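Engineer: Just a sequence and a predicted model for now, questions to come.
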Amino acid sequence: MACLGLGAGLISIYGFFIQPLSTEFGVGAAVLNLGPVALLLMPGFVGPVVGKLVDRIPIRRIMLTGATVAMFSLLVISQAPLLWMAGCCFLVFALGLAMYGPVAVNGMLVKLYPGREARALAIAAMGISVATMVLPPLMGYLLLLLDWRGALLSLAAGVLVLLWLLILLGVPRDVGPAPEQEGGPPKKPQLYSDARFWLIGLSVAMALTGAVVLAISYPPHFTSRGFSVAQAGWFISMAGLAGIFGKFGVAVVGDVVSRHAKWLAAFILFLQVVGMVLLLDAQTTAQVIPAVCLLGFGGGAFLPMQPYLNSQYFDVAVIGQVNGAQMPMFLPFGLVGLPLAGYVYDQTGSYGPVITTLVVVLVIATLLVLLLPSSRES
């Protein structure tokens, strides 16, 4: 929970740095939106490697290394005098994040809790919702007291200490290497000729990239609609609270309906489509609240879907390789989506066209999920 919340959950505060960085370095949102692209690019490149390591060496060692690399990179960014230096360090941050993020954490959970994957994955993913509730208001408060450099420095130092402490206390020493089986280690899965691998990977890549675009767009979208930065922070926090309930729902029903996992995933995506449609026309607080609650609930519930769906169709001994091998599918959507969203905002002053496009993307992702068979046995 802590590693997901203090890893992927940090995306929820990136939007708060766009305006200060834009002012200091004299660049637009389109350039600064390249930052989160690194969070998709790096796992796309190193995800297959991390996935193989998850099945071969102790996962705690991987996660400790990643946490150290990531947080020291943020410490350097907080002192960077030039934008290109900050950008290079952000790439290193993304590398560290990939090592203690979803590929490692989800692989560990599927290995530790066979038959209870949905519950384990959903409960751990609640860490992201907690982070989305806590970090935006905290960051808004820090930015009122400090400049962006001081706020980032404080954040990185605190997270580094927390991650080291919690990984050492919470991650077993020996989990990771696949157990020896009669006849030797498990055979390398034939992933690239398996339609299920592509359907799960593409649908998840589209949905989660859309969620990243939306998370980055939230603060400027709400401020462009006349809401204050503080209100934007509370709206995001409300979405995080709804995300906890979404993950709780998956924890309760996921293992019960595992033979029909694709229908659960499709329903969750449908809820997000409804939320985005409502968000498009939301002009008042009363209109924003149901939209962000639906988006938060659906987005939170969908976060564990990649490892959950994979666990229903692939052997647990190679689950790290499957999760990691799907990460490159995030690359094309991340390369196009985030910079294009920033460009549209720079040109129009609105994220409305971006949200409309995300609705179409989620509908396509839903159709891909529905093409899956009902269970591993089918």
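Structural biologist: Nice, thanks for sending it over.

Engineer: Quickly note the distance from residue 61 to residue 102.
Structural biologist: 18 Å (Cβ to Cβ, to the nearest Å). Using the backbone N, CA and C atoms, a C-beta is placed for each residue, glycine as well.

Engineer: what's the neighbour count on residue 164?
Structural biologist: Look at residue 164: counted by other Cβ atoms under 10 Å, it has 15 neighbours.

Engineer: Can you tell me the element it falls in?
Structural biologist: helix 148-170 (DSSP states H and E).

Engineer: For residue 61 and residue 102, indicate the residue with more neighbours.
Structural biologist: The neighbour count for residue 61 versus residue 102, taken as other Cβ under 10 Å, is higher for residue 102 (28 against 15).

Engineer: so what's that one up against?
Structural biologist: Residues counted as contacts of residue 102 (Cβ atoms under 8 Å, 6 or more residues apart in numbering) are 4, 7-8, 306-307, 323.

Engineer: redo that, cut-off 7 Å
Structural biologist: Taking Cβ atoms under 7 Å, 6 or more residues apart in numbering, we find residue 102 in contact with 4, 8.

Engineer: contacting residues for residue 78?
Structural biologist: 149, 152-153, 156.

Engineer: Spell out which two among those are the most distant pair, please.
Structural biologist: Across these, the longest distance by Cβ to Cβ is 10.8 Å; it joins 149 and 156.

Engineer: quick one: which of the two has more around it?
Structural biologist: Higher neighbour count among residue 149 and residue 156: residue 156, with 21 against 14, using other Cβ under 10 Å.

Engineer: In space, what's closest to the more buried one - neighbours in sequence excluded?
Structural biologist: Spatially, and ignoring its direct neighbours in sequence, residue 156 is nearest to residue 74 (3.6 Å; Cβ to Cβ, 6 or more residues apart in numbering).

Engineer: And what about that neighbour, helix, strand or coil?
Structural biologist: helix (DSSP: H, G, I helix; E, B strand; the rest coil).

Engineer: Who are the contact partners of it?
Structural biologist: Here residue 74 is in contact with 93, 152, 156 (criterion: Cβ under 7 Å, 6+ apart).

Engineer: what about the nearest residue to the second one once chain neighbours are set aside, distance to residue 309?
Structural biologist: When the adjacent residues along the chain are set aside, residue 152 lies closest to residue 78, with 4.2 Å between them (Cβ to Cβ, 6+ apart). Between residue 78 and residue 309 the computed distance is 38 Å (Cβ to Cβ).

Engineer: With residue 133 instead?
Structural biologist: From residue 133 to residue 309 the distance is 26 Å (Cβ to Cβ).

Engineer: ok, now residue 111?
Structural biologist: 16 Å.
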